[in-house]
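Asker: Just a sequence and a predicted model for now, questions to come.
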Amino acid sequence: MQGGSGQNSGSIDKTRVLDVKPLRTLEPVFPNSGQATSFDGACPTGFYSFFPFGASQGPQASPPRVPMPTPLRSFRSSDTGEAEFPGASNGENTDSHAAPNKSKSSKKKPKISQDLQVDVSSLLGIGKNEREDGNRELVILLLMTFDGLRRRISQLEDSKELTLGLSKRADMRAGNILMSAGIRTNMRKRIGAVPGVEIGDIFFFRLELCIVGLHSQSMGGIDYTNMGAKNESDPVALAIVSSGKYNDNTEESDILIYSGQGGDKGDDQKLERGNLALDRSLRQKNDVRVIRGMKDQMSSTSKVYIYDGLYKIQDSWVEKGKSGGGVFKYKLVRVPGQPRAFAAWKSIERWKAGIASRTGLILADLSSGAEKIPVSLVNDVDDEKAPGYFTYLHSLRYSKSFIVSNPYDCCNCQKDCIPGDLNCSCIRRNEGDFPYTGNGILVSRKKLVHECGPSCQCFPNCKKRVSQTGLKYRMEVFKTKDRGWGLRTLDPIRAGTFICEYAGEVIDRAKVSWNGNNDEYVFDTTRIYHPFKWNYEPKLFEEAGLNDSSEDYNIPSPLIISAKNVGNVARFMNHSCSPNVFWQPVSYEENSQTVVHISFFALRHIPPLTELTYDYGITRSDSTVSQSTPRWKKKCLCGSSKCRGSFG
């Protein structure tokens, strides 16, 4: 802890037969204007003690603000926009459910437009200059905007309120909406680094690369341009995506053997287009951006893409491929002096596999078996052996419940709760929306998310019990240089993913000692938290027109949790004024009562070895808190460009 889219108007003549090529054969073209067309492609119960080796320990900025959205269930339009997108899913693996013989609601379906006309500046503040050249805040905002819209589309498709076609491509639909509205950045072609994109950034969808201008080809592996060339037959390469499809050698951390494109049917590859650009870049020795694709451990059909920085092409040759044709091979060498990205990822894989030892490892599992996934304890900074003593507890310990005013009505679903089934009382409690996508990603921040509890009749692995299944990713508690102990991930985490809950003892405010002992492990829902927008923008989805609503939480009773003596990994998360994690109140039934828990979710994509941080908030000083209660503040050392100087 820190101690210091609307459909085109007009009728369609279905008698006309058009002779067109399949979409897969068409090469995408992204114009330089703001208008773009379509693209191509159970924990043990009880308590677990952690015995320290040393003395006590010491104890996160929000993305740019934009207008607050309307609650999800408020948006229902009369039409359904339908568009077909080919190809298998590339990231969001929503589960398909067979609809039971239960009544469905007669909700009006929303409409998605492929040529939505949106005042971009009024929505996100993106003007011509921002579309040409980005910055860090804008890149983060665009990625969050894309993912929020994608999650919403996926949610509607899961509940059968929206049809995307035979294949579920919520990412394709979301990307098309944004790029058609000119919501993108770094459209100006450039050699070298891209403003606002940092080495080590991760992406779960190829379209994310397009939106931020890192790689403009939604399916092609080679991005190139004729910029600065003497003629159009002399292009240069700008960026490549190495996804392993063509047996690229991705084992070396600083060397990449990249295969050219084409020749899929046994023919020799031709020195044209991307291959020619790579050949010219070899001669001109210009920098080439490299994005490496890795298998997503959470999905057998998806990849995670990591931006590994700038490389130079050092050599090329032709060798016989598996199909018998000649294949161009290019040797790329990483420019020295750049931060580690892919190399760090490979190191983590070796640690997990036991091939390499972890420097500074103190304990292999700080939770002593309380978590299904071990939590390592590491200190490679100084000689401190461990945090102070505490008892590891993976949930709440409370003396009284925080009861919702309405009586709890457990659902009677026979198997899993089905999105769109309003016979499910737990779905009705969430205003008729299923709060998570099929792979367990939170769709949007809500006043209060309701999950199924132990008394519900649905299966224990129901998709509406996301926050009750413990850790899903490898974490490690590590010693920071100036903020005591912290928590970081060893796995890539997708935005909206459940990370952990704030475990500890529910206490009364009178028990909180703001002076003297200074319990720095208190989570207080009554604090003032910096507002931020995470949900999708309704106007992009043609769901505007109703009253907007904030994303402020609505907890039935103030909740104060102390993790000083009992707690889990959440007690080690430091504060940041630019956090990558946010908290969401989640309720479910326990012992016939509704209990509120504090769950943490990823605010944006989080790369491996990144510290997890959240906003601690500021203690209120109004009449809601006793004036005799002393206030304490800590100097903030988060290092964010938006650092507020203090917290608490």
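Answerer: Right, received. Where do you want to start? Residues are numbered from 1 along each chain as shown.

Asker: who does the lengthiest strand in the chain touch, helix- and strand-wise?
Answerer: Longest strand in the chain by number of residues, with DSSP state E as the criterion: strand 303-320. Secondary-structure packing of strand 303-320 (3 or more CB pairs under 8 Å, 6 or more residues apart in numbering; DSSP states H and E): strand 202-203, helix 273-284, strand 288-295, strand 326-334, helix 342-353. For glycine as for every other residue, the C-beta is placed from the backbone atoms N, C-alpha and C.

Asker: Not counting the third one itself, show me its contacts.
Answerer: Judged by CB atoms under 8 Å, 6 or more residues apart in numbering, the contacts made with strand 288-295 from elsewhere in the structure are 192-194, 203, 209, 214-215, 223, 237-244, 250, 256, 278, 281, 302-313, 332, 334, 342, 345, 492.

Asker: what do you get for the fourth one?
Answerer: With contact meaning CB under 8 Å, 6+ apart, strand 326-334 is reached by 240, 246, 253-260, 263, 268-269, 271, 275, 278-279, 282, 288, 290, 308-321.

Asker: What are the buried residues along that strand?
Answerer: Buried residues in strand 326-334, counting neighbours by 16 or more other CB atoms under 10 Å, are found at 327-332, 334.

Asker: Quote the end-to-end distance of stretch 414-421.
Answerer: Counting by CA to CA, to the nearest Å, you get 12 Å between the two ends of stretch 414-421.

Asker: Next one: the residue lying closest to Pro558 once chain neighbours are set aside from Arg620, what distance?
Answerer: Nearest residue to Pro558 in three dimensions, chain neighbours excluded: Thr526, at 4.9 Å (CB to CB, 6 or more residues apart in numbering). Distance of Thr526 to Arg620, computed by CB to CB, to the nearest Å: 6 Å.

Asker: One more: Gly453?
Answerer: For Gly453 relative to Arg620 (CB to CB), the value is 31 Å.

Asker: Can you tell me the SS state at Tyr258?
Answerer: Using DSSP: H, G, I helix; E, B strand; the rest coil, the structure places Tyr258 in strand.

Asker: count of residues packed around it?
Answerer: 26 (other CB atoms under 10 Å).

Asker: close enough to count as contact, it and Ala239?
Answerer: No: Tyr258 is beyond contact range of Ala239, at 11.5 Å (criterion: CB atoms under 8 Å).

Asker: shared neighbours, these two?
Answerer: Counting by CB under 8 Å, 6+ apart, nothing touches both Tyr258 and Ala239.

Asker: returning to that earlier point: buried subset of the contacts of strand 326-334?
Answerer: Here, 16+ other CB under 10 Å leaves 240, 246, 253-254, 256-260, 263, 269, 275, 278-279, 282, 288, 290, 308-313, 316, 321 buried among those.

Asker: Now do the domain split for this protein, please.
Answerer: Annotated domains of the chain cover 3-180, 202-352 [automatic domain parsing].

Asker: ranking these by mean pLDDT, which is last?
Answerer: Mean pLDDT across the domains of the chain is lowest at domain 3-180; the value there is a mean of 57.

Asker: Please enumerate the helices of the stretch 101-250 of the chain.
Answerer: Assigned by DSSP state H, counting those that start in this stretch, the stretch 101-250 of the chain shows helices spanning 120-124, 128-132, 136-158, 170-180, 206-211.

Asker: buried ones in the third one?
Answerer: Of the residues in helix 136-158, those with enough neighbours to count as buried (16+ other CB under 10 Å) are 138-158.

Asker: ok, now stretch 458-465?
Answerer: By 16+ other CB under 10 Å, the buried positions in stretch 458-465 come out as 458, 462-465.

Asker: what's the closest of these to Ile362?
Answerer: Arg465 (33.0 Å; CB to CB).

Asker: Identify the residues contacting that closest one.
Answerer: 451-452, 588.

Asker: Mind putting those residues into CSV with neighbour count and distance to Ser576?
Answerer: Listed next are the contacts of Arg465 as CSV, based on neighbours: other CB atoms under 10 Å; distance: CB to CB, whole Å:
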residue, neighbour count, distance to Ser576
Glu451, 24, 27
Cys452, 27, 32
Tyr588, 23, 29
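
Asker: now, which of the residues you listed lie within strands?
Answerer: Tyr588.

Asker: Name the nearest of the contacts of Arg465 relative to Ser368.
Answerer: For these, the minimum distance to Ser368 (CB to CB) is 26.0 Å, reached by Tyr588.

Asker: how about the closest one, what does it touch?
Answerer: For Tyr588, the contact set (CB under 8 Å, 6+ apart) comprises 450-453, 465, 468, 594-595, 597.

Asker: Tell me which two in those residues are the farthest apart.
Answerer: Longest span within the contacts of Tyr588, CB to CB: Arg465 and Thr594, 14.7 Å.

Asker: now stretch 197-215, how far from the chain's geometric center?
Answerer: Counting by CA atoms, centre = their mean, to the nearest Å, stretch 197-215 is centred 12 Å from the centre of its parent chain.

Asker: now the end-to-end length of that stretch.
Answerer: 11 Å.

Asker: Show me what counts as buried in it.
Answerer: Within stretch 197-215, the residues scored as buried using 16+ other CB under 10 Å are 197, 199-215.

Asker: What of stretch 379-398?
Answerer: Buried residues in stretch 379-398, counted by 16+ other CB under 10 Å: 379, 384, 386-387, 390, 392-398.

Asker: got a markdown table for those residues, with pLDDT and secondary structure too?
Answerer: Formatted as a markdown table, the buried residues of stretch 379-398 follow (pLDDT from 0 to 100; DSSP: H, G, I helix; E, B strand; the rest coil):
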| residue | pLDDT | secondary structure |
| --- | --- | --- |
| Asn379 | 96 | coil |
| Glu384 | 93 | coil |
| Ala386 | 91 | coil |
| Pro387 | 93 | coil |
| Phe390 | 94 | strand |
| Tyr392 | 95 | strand |
| Leu393 | 92 | coil |
| His394 | 87 | coil |
| Ser395 | 89 | coil |
| Leu396 | 91 | strand |
| Arg397 | 88 | strand |
| Tyr398 | 80 | coil |
